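Enquirer: got a sequence here, can you build the structure:
(one chain, ligands or ions: 1)
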Amino acid sequence: MKLFDLTGRTAIVTGGAGSLGSAVAKGLAAAGAKVAVADLQQESADRIRDEIARGGGRAAGIACDSAREADVATLFDKAEAELGPVDILVNAVACPIARHQPQDVTLETFQGLQDGILKCFFLTCREAGRRMIAAKRPGSIVNFGSIGGENALGRGAMPYGVAKAGVGQLTRELAFAWARHGIRVNAILPCQFMNSMWAAQKASPETSELLKTVTRGIPIGRFGEPEEVVGPVIFLASGAASMVTGVLLPVDGGNLAMNAGGSVEW
Ligand SMILES: NC(=O)c1ccc[n+]([C@@H]2O[C@H](COP(=O)([O-])OP(=O)(O)OC[C@H]3O[C@@H](n4cnc5c(N)ncnc54)[C@H](O)[C@@H]3O)[C@@H](O)[C@H]2O)c1
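Expert: Numbering: from 1, shown residues only. Below you'll find the predicted structure:
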């Protein structure tokens, strides 16, 4: 288990109060890391910080809008002051998706998704890279991409898919450029994981059918649960993945392995 031990490392998790981000923050702390939980609201970041502290871990709650350059610099300053130099960055920010046919997408909607996702990931990755390179410290960055960045989700999610494809390419570019500095950059590509948005869609008669359609696209036959992203993130963040960089790892119950017309019946 030493391979996966993060004792003494400092991690920042952006979107750390969200469904998947909070599971990751708690998981990294359980693996020994000191964790800065970064999210839009101080109270929600503090709630996860307190949960980690109750479990015996060390954490800080930091309010940060990852889309604001100044906030991102302050986030790293505060995390370093409270927990020490940052070794691990996990980006798990998400923003609401407005659904439109591609021909009806306004520039504002399109730009909103690029700002709400891709810009956030770029700013925090750049800040982490700058600091790790200046300090000559190795590090690991894990970005939350999506299966929706690899092929078309449809159902009005085009700007989201484009932003997530951008996260994938950001990951590859940084992995290549920063390998010589000992900074590994990887992404995980989740399929649909239960979060507050999906829970609301499940509860509504108008959208509950969609969950059945989505589940048919996951060979394992169910949505992921937030805890199921923790192992892959710890692996990529830890010494167990010391030779792994530039990888976009599907955590998708087999979704990307499946041909659109695939079937086990013949
Ligand atoms: N849940 C899924 O089905 C799924 C599938 C594929 C990919 N993903 C990706 O996984 C990641 C986590 O998703 P989730 O389901 O936990 O979402 P979520 O909505 O539960 O959590 C997202 C968190 O990000 C925070 N946030 C939003 N904008 C922010 C900003 N500018 N700065 C700081 N924090 C901000 C929110 O406050 C929230 O706490 C996202 O990148 C998402 O795109 C999720």
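Enquirer: so for the residue of the stretch 1-150 of the chain found nearest the ligand, what's the pLDDT?
Expert: Nearest residue of the stretch 1-150 of the chain to the ligand: residue 18, at 2.0 Å (CB to the nearest ligand atom). C-beta: built from backbone N, CA, C; applies to glycine. Residue 18 is assigned a pLDDT of 98 by the prediction.
Enquirer: what's the neighbour count on it?
Expert: By other CB atoms under 10 Å, 23 other residues sit near residue 18.
Enquirer: ok, it touching residue 38?
Expert: No. Applying CB atoms under 8 Å, one finds residue 18 not in contact with residue 38, separated by 10.7 Å.
Enquirer: can you give me the strands in this structure?
Expert: Per DSSP state E, the chain carries strands over the ranges 10-14, 34-39, 59-63, 88-91, 139-144, 183-190, 248-251.
Enquirer: any chance of JSON lines for these, columns mean pLDDT?
Expert: Below are the strands of the chain laid out as JSON lines (pLDDT from 0 to 100):
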{"stretch": "strand 10-14", "mean pLDDT": "99"}
{"stretch": "strand 34-39", "mean pLDDT": "98"}
{"stretch": "strand 59-63", "mean pLDDT": "98"}
{"stretch": "strand 88-91", "mean pLDDT": "99"}
{"stretch": "strand 139-144", "mean pLDDT": "98"}
{"stretch": "strand 183-190", "mean pLDDT": "98"}
{"stretch": "strand 248-251", "mean pLDDT": "98"}
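Enquirer: now render those as TSV, adding distance to residue 213 and mean neighbour count.
Expert: Output for the strands of the chain, formatted as TSV (distance: least, CB to CB, whole Å; neighbours: other CB atoms under 10 Å):
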stretch	distance to residue 213	mean neighbour count
strand 10-14	30	29
strand 34-39	31	30
strand 59-63	37	23
strand 88-91	28	28
strand 139-144	23	27
strand 183-190	17	25
strand 248-251	19	19
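Enquirer: with distance to residue 234 added, can I get those strands in CSV?
Expert: Below are those laid out as CSV (distance: least, CB to CB, whole Å):
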stretch, distance to residue 234
strand 10-14, 10
strand 34-39, 12
strand 59-63, 16
strand 88-91, 10
strand 139-144, 9
strand 183-190, 11
strand 248-251, 12
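Enquirer: reformat those as a markdown table; add distance to the ligand.
Expert: Listed next are those as a markdown table, based on distance: least, CB to the nearest ligand atom, whole Å:
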| stretch | distance to the ligand |
| --- | --- |
| strand 10-14 | 5 |
| strand 34-39 | 5 |
| strand 59-63 | 9 |
| strand 88-91 | 7 |
| strand 139-144 | 4 |
| strand 183-190 | 4 |
| strand 248-251 | 9 |
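Enquirer: what residues does this structure put near the ligand?
Expert: 14-15, 17-21, 39-40, 64-67, 92-95, 120, 144, 146, 190, 192-193, 195-196 (CB under 6 Å from any ligand atom).
Enquirer: quick check on these: which are buried?
Expert: 14-15, 17-21, 39-40, 64-67, 92-95, 120, 144, 146, 190, 192-193, 195 (16 or more other CB atoms under 10 Å).
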